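**Student:** What shape does this take:
(one chain, ligands or ions: 1)
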Amino acid sequence: MLPASITNVQAAGDPADGERLARQWCAACHVVADDQTNGTEAVPSFTEIAKTRGFNEATLTGFLADPHPKMPDMSLTNREISNLASYILSRGN
Ligand code: HEC
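**Tutor:** Numbers count the residues shown, from 1 in each chain. As a prediction, this is how the structure comes out:
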């Protein structure tokens, strides 16, 4: 078991698969990775989301299961949501 100080910034999913999903499904609007140069100014980057929006695994997975009206509902599976949350939270490190 990892100490709470580590587990509370990481989600249970697979961040590598989350990155693949993010590049496929989220990069049209969000800057999802450091090497991505195109994105929309009006949409927060994943690093910003991880660092400044105060999300943890529970609130992030909750958001992705029932997204904000400004965002399309992508009908992600629980597994995809978990992997995406894991990847997004890893960007805040
Ligand atoms: C069609 C454009 C679009 C796509 C595609 C998109 N988003 Fe978003 N997303 C937005 C916008 C716009 C906002 C800002 C909403 C706001 O601040 O009101 C946002 C906000 C967010 C937030 C932060 C919400 C908050 O309250 O701070 C998260 C987390 C997020 N998106 C995750 C994702 C993930 C994960 C994907 C891919 C599975 C994705 N988005 C795909 C447009 C998009």
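
**Student:** Distance from the chain centre to stretch 76-93, please.
**Tutor:** In this view, stretch 76-93 has its centroid 5 Å away from the chain centroid, taken as Cα atoms, centre = their mean, to the nearest Å.

**Student:** is any part of it close to the ligand?
**Tutor:** Yes. Contact of stretch 76-93 with the ligand (Cβ under 6 Å from any ligand atom) involves residue 84. Using the backbone N, CA and C atoms, a C-beta is placed for each residue, glycine as well.

**Student:** nearest spatial neighbour of residue 32, skipping sequence neighbours?
**Tutor:** Leaving aside its chain neighbours, residue 32 sits nearest to residue 22 (4.1 Å; criterion: Cβ to Cβ, 6 or more residues apart in numbering).

**Student:** Let me know the helix or strand that the one you found is in.
**Tutor:** In the assignment (DSSP states H and E), residue 22 maps to helix 15-25.

**Student:** buried residues in that helix?
**Tutor:** The neighbour-count check on helix 15-25 (16 or more other Cβ atoms under 10 Å) flags 15, 17-19, 21-22, 25 as buried.

**Student:** Distance check, the residue nearest to residue 32 against the ligand.
**Tutor:** 6 Å (Cβ to the nearest ligand atom, to the nearest Å).

**Student:** got it, and residue 50?
**Tutor:** According to Cβ to the nearest ligand atom, residue 50 stands 9 Å off from the ligand.

**Student:** Point out where this protein drops to low pLDDT.
**Tutor:** Under the criterion pLDDT under 70, the flagged ranges of the chain are 1-11.

**Student:** So which residues of it form helices?
**Tutor:** 4-7, 15-25, 46-52, 57-65, 78-90 (DSSP state H).
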